[in-house]
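*Asks:* Sharing a model prediction with you, sequence too.
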Amino acid sequence: MSVLLAFAVVLSSAITVYASDADQNVVITLTKAELEENPASVIEEALKYEKYGIWGHLTVNVPSGTYVMKTGLHIYSNTTLNLKADTVLVRDFSSGSMIKSGTQNDVNSGYNGYNNIIINGGVWDNSFTQTTCCIRFAHCNKVTLKNMTVKNVYDSHHIEIGAASNMTLDNITLTGYKRSKNTSGEAVQIDPVHSSQHFKGYQLLDDTPCKNITVKNCTFTDVFSGVGTRSGVVGSYFDNIKIINNTFTNITDKAICTFNYTNSQIKNNIINGASVGIFFEEYPTKNLTSKLWMPYSSSASKKIITNTNSVISGNSITVSKNAGYAQSCGIGVYGGVLSAATSESTGLKAGKYFANNVTVLKNTVNLGHKASVGIECKYVNSSQIKSNKITKTAATKKNTNAVMLYHCNKNKITDNKISGNFDNGISLHADSLTNTFGTNTVKNTKNYGLIVYGKSNAVISHTNSFAANGKGTICISGKNQALPSIKGKVTVKNNKKNNVVKWQKSATASGYYVYRSAKKNGAFTLVATVKNRNKLSFTDKTSKKYYYKVSPYRFCNKSVLIGRKAVQ
């Protein structure tokens with residue numbers, strides 16, 4: 001204990017220190033008197049106790065009060081900084097963040113800088129001064145920021161993190177933003193450490209992405225953009241990012257925007273007023289090199305991953321404006337294209353890069369701006385858009401649809417409920433192929449329930465419900481299309497070797513799908529496709545008793561229209 005106290009005297013005789021003999025944990029509780037003259041210097045001096053990693057864990061407690069900060073703070077490993085709810089730190093200096101991990105001279109790589117850090121509480125007022133972020137962390141691991149307010153940022157970010165792992169932002173209020181130039185301005189920016197423009201003051205820019213990041217229970221109000229990422233590095237992906245249970249109010253641009261995310265979740269957020277609710281961009285649809293950088297190291301991986309394995313679910317989104325910076329939509333999911341010119345300059349393979357395995361599930365989207373789209377997907381494959389509710393209260397504008405797909409293949413769009421002032425409920429554009437539509441409900445649109453443009457095609461089931469749409473239910477190649485139908489019931493003759501299934505002819509069918517189930521009210525499975533419209537029977541070579549249903553199907557410009565099942 002005497003050694004510790006002696007060390008304390010060397011740093012500052014005014015600071016009161018308590019320590020545990022067992023593991024050398026240190027607690028410093030500052031007083032208002034100590035903070036009167038130069039609060040930044042006193043807090044900084046206290047935080048330095050753990051700079052060299054001599055002790056166990058350092059806790060610095062800051063009392064209630066308003067303190068004008070003439071310099072920024074630096075925090076190191078194994079440190080907890082506690083501020084009261086009514087402790088206000090007000091910025092009054094020209095450069096640098098109000099608090100950051102480490103110092104300007106640190107040379108850290110990967111996540112090996114500073115770890116085991118907690119900042120709890122306080123109001124961090126950036127005072128609308130200087131174009132620098134308020135709080136900045138990089139090359140760090142196991143960091144928690146919680147129960148705090150960060151406000152009044154000018155042309156920058158409230159909180160910026162890069163090369164961070166196992167970091168949690170919990171119950172933080174982020175508010176107040178002034179924008180004088182074309183900056184992205186996320187209140188919470190999650191970035192790779194690649195550019196000195198973004199991470200000025202960090203010595204080693206090694207392209208390390210963030211992983212295992214959770215932003216939860218936070219409140220974003222009156223900011224340009226909420227939380228997310230707008231750039232990345234080839235071969236370096238943001239993994240296991242969770243943005244959950246946050247509230248966004250009055251967001252000028254995008255509430256949530258992501259880039260190069262894998263194995264991530266955007267769940268149960270409330271967005272009250274934004275130009276874009278959620279912008280999930282795996283690759284930029286245009287000008288790839290403006291946002292996706294080549295790695296610094298020539299030996300770094302240049303593998304482009306397209307399996308996102310990510311979920312967007314349970315979010316409640318109201319779009320009430322269109323700032324003009326991007327397509328205004330509730331939810332956007334995007335892959336992209338790498339041009340021949342970019343391929344030549346980067347060595348990457350030219351072509352389409354699809355975002356695969358994205359699930360958009362049980363979201364509620366209400367559009368209060370006439371130019372907004374509900375859910376828009378470009379270059380998306382093998383994904384699901386399921387059980388979403390999409391409404392539009394604003395006036396109709398041409399080509400604003402509830403669900404729009406461009407260059408999207410093999411996706412399942414099911415059980416969505418769509419109504420309101422849309423041109424069409426669901427639309428397929430630009431060679432979108434083999435997408436499946438079932439159990440969707442679309443009503444009260446200006447034109448059609450579902451429209452298929454150009455060379456696109458779809459599998460459209462009778463389980464969809466299209467009602468009170470101005471021009472019709474389904475439009476393919478510019479014409480109204482009806483589903484085929486069968487009159488009467490299916491008959492089945494059982495014998496010891498097989499079951500002979502028969503049905504009546506459909507005048508508009510191209511063929512028939514035959515389904516069976518072991519139970520009358522059980523789940524039916526497709527067992528045969530009869531491609532001859534004039535063949536009206538199927539022999540199932542089994543001695544077991546089954547129940548059967550038959551659906552007529554019709555080809556229309558490579559789309560498949562599936563009629564209601566005739567039952568046994």
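*Replies:* All right, it came through fine. Residues are numbered from 1 along each chain as shown.
*Asks:* isn't G511 right up against V550?
*Replies:* No. In this structure, G511 sits apart from V550 without contact. The criterion is C-beta atoms under 8 Å, and the distance is 10.5 Å. Bear in mind the C-beta positions are built from the backbone N, C-alpha and C, glycine included.
*Asks:* And the helices in this protein?
*Replies:* Along the chain, counting by DSSP state H, helices occupy 2-11, 32-35, 39-47, 340-346.
*Asks:* so who does G121 touch?
*Replies:* N82, L83, K84, A85, T87, K146, N147, M148 (C-beta atoms under 8 Å, 6 or more residues apart in numbering).
*Asks:* residues touching I426, list them.
*Replies:* Under the criterion of C-beta under 8 Å, 6+ apart, the neighbours of I426 are 401-405, 413, 416, 418, 437, 440, 442, 449-451.
*Asks:* give me that answer again for 7 Å
*Replies:* Under the criterion of C-beta atoms under 7 Å, 6 or more residues apart in numbering, the contact partners of I426 comprise N401, A402, V403, I413, F437, N440, V442, L450.
*Asks:* Which pair of these spans the longest distance?
*Replies:* Between all members of the contacts of I426, the longest pairwise span (C-beta to C-beta) is found for N401 and F437 and amounts to 13.5 Å.
*Asks:* how about JSON lines for the contacts of I426, with distance to N269, pLDDT and neighbour count added?
*Replies:* Rendered in JSON lines, the data for these read as follows (distance: C-beta to C-beta, whole Å; pLDDT from 0 to 100; neighbours: other C-beta atoms under 10 Å):
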{"residue": "N401", "distance to N269": "23", "pLDDT": "93", "neighbour count": "27"}
{"residue": "A402", "distance to N269": "20", "pLDDT": "96", "neighbour count": "31"}
{"residue": "V403", "distance to N269": "20", "pLDDT": "97", "neighbour count": "28"}
{"residue": "I413", "distance to N269": "22", "pLDDT": "98", "neighbour count": "28"}
{"residue": "F437", "distance to N269": "27", "pLDDT": "97", "neighbour count": "27"}
{"residue": "N440", "distance to N269": "24", "pLDDT": "97", "neighbour count": "27"}
{"residue": "V442", "distance to N269": "26", "pLDDT": "97", "neighbour count": "27"}
{"residue": "L450", "distance to N269": "29", "pLDDT": "97", "neighbour count": "29"}
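*Asks:* and V501, what are its bridge partners?
*Replies:* With DSSP bridges as the criterion, V501 is bridged to V492, F538.
*Asks:* from memory it sits against S537, does it?
*Replies:* Yes. With contact defined as C-beta atoms under 7 Å, V501 reaches S537; the gap is 6.3 Å.
*Asks:* The two: who's more crowded?
*Replies:* Neighbour count, other C-beta atoms under 10 Å: between V501 and S537, V501 has more, with 26 against 14.
*Asks:* show me the contacts for the more buried one.
*Replies:* Here V501 is in contact with V490, V492, V514, S537, F538, D540, Y548 (criterion: C-beta under 7 Å, 6+ apart).
*Asks:* Report the buried members of the residues you listed.
*Replies:* Buried residues within these, defined by neighbour count using 16 or more other C-beta atoms under 10 Å: V490, V492, V514, F538, D540, Y548.
*Asks:* for those, which one is nearest G330?
*Replies:* Among these, and counting by C-beta to C-beta, the member closest to G330 is V514, at 39.4 Å.
*Asks:* so what's the closest one scoring on pLDDT?
*Replies:* You'll see V514 listed with a pLDDT of 98.
*Asks:* do the same with T131
*Replies:* Note for T131: predicted pLDDT of 81.
*Asks:* now do A19
*Replies:* A19 is assigned 59 on the pLDDT scale.
*Asks:* Over to the one 3 residues further on?
*Replies:* Looking at A22, its pLDDT is 60.
*Asks:* do the same with V10
*Replies:* In this model, V10 is scored at 40, pLDDT.
*Asks:* what's around the nearest residue to G122 once chain neighbours are set aside, how many residues?
*Replies:* Nearest non-adjacent residue to G122, counting by C-beta to C-beta, 6 or more residues apart in numbering: L83, 3.0 Å away. Residues contacting L83 under the criterion other C-beta under 10 Å number 24.
*Asks:* Also the one 10 residues further on?
*Replies:* Counted by other C-beta under 10 Å, the residues lying close to F93 total 16.
*Asks:* Surely it touches V68?
*Replies:* No. With contact defined as C-beta under 7 Å, F93 does not count as touching V68 (9.5 Å).
*Asks:* which sections of the stretch 1-150 of the chain are below the confidence cut-off?
*Replies:* Within the stretch 1-150 of the chain, the stretches falling below the threshold (pLDDT under 70) are 1-22, 52-54, 104.
*Asks:* measure the closest residue to K303 other than its chain neighbours to N260 for me?
*Replies:* For K303, the nearest residue in space outside its immediate sequence neighbours is G235; the separation is 5.3 Å by C-beta to C-beta, 6+ apart. As defined by C-beta to C-beta, to the nearest Å, G235 lies at a distance of 10 Å from N260.
*Asks:* Contact partners for the residue nearest to K303?
*Replies:* Under the criterion of C-beta under 7 Å, 6+ apart, the contact partners of G235 comprise P295, A300, S301, K302, K303.
*Asks:* related to what we said a few turns ago, neighbour count for G511 and V550, which is higher?
*Replies:* Under the neighbour definition other C-beta under 10 Å, G511 and V550 were set side by side, and V550 has more, 27 against 19.
*Asks:* Against I278, how distant is that one?
*Replies:* The separation that V550 has from I278, given C-beta to C-beta, amounts to 41 Å.
*Asks:* cool, V153 as well?
*Replies:* 22 Å.
*Asks:* next one: V143
*Replies:* The value you get for V143 to I278, if C-beta to C-beta is used, is 25 Å.
*Asks:* Pick out whichever of these two has more residues nearby.
*Replies:* With neighbours defined as other C-beta under 10 Å, V143 and I278 compare such that I278 has more, 29 against 23.
*Asks:* On the strand side of things, show who the more buried one bridges to.
*Replies:* Beta-bridge partners for I278, by DSSP bridges, are I256, I331.
*Asks:* Quick check, it in contact with S313.
*Replies:* No. At 10.5 Å, I278 does not count as touching S313 under the criterion of C-beta under 7 Å.
*Asks:* now this protein, which segments are flagged as low pLDDT?
*Replies:* Using pLDDT under 70 as the threshold, the predicted model of the chain has low-confidence ranges 1-22, 52-54, 104, 195-204, 285-290, 299, 323-326.
*Asks:* how does it look with 50?
*Replies:* Along the chain, the model assigns pLDDT under 50 to residues 1-13.
*Asks:* Tell me, how many residues neighbour Y296?
*Replies:* A count of neighbours around Y296, defined by other C-beta under 10 Å, yields 11.
*Asks:* so what's the closest residue to it other than its chain neighbours up against?
*Replies:* In this structure, Y296 finds its nearest non-sequential neighbour in D207, 5.9 Å apart by C-beta to C-beta, 6+ apart. Under the criterion of C-beta under 7 Å, 6+ apart, the neighbours of D207 are P192, V193, H194, V233, S236, P295, Y296, A300.
*Asks:* Looking at those, which is nearest D23?
*Replies:* Top of the list for closeness to D23, among the contacts of D207 and by C-beta to C-beta, is V193 at 32.7 Å.
*Asks:* For E36, see how far away H157 is.
*Replies:* For H157 relative to E36 (C-beta to C-beta), the value is 31 Å.
*Asks:* So for those two, which residue has more residues nearby?
*Replies:* Applying other C-beta under 10 Å to H157 and E36 shows that H157 carries more neighbours, namely 31 against 11.
*Asks:* Now do the contacts for the closest residue to that one other than its chain neighbours.
*Replies:* Nearest in space to H157, with sequence neighbours left out and distances taken as C-beta to C-beta, 6+ apart, is C133 at 4.0 Å. Contact analysis of C133 by C-beta under 7 Å, 6+ apart lists S97, V153, S156, H157, H158, I159, E160.
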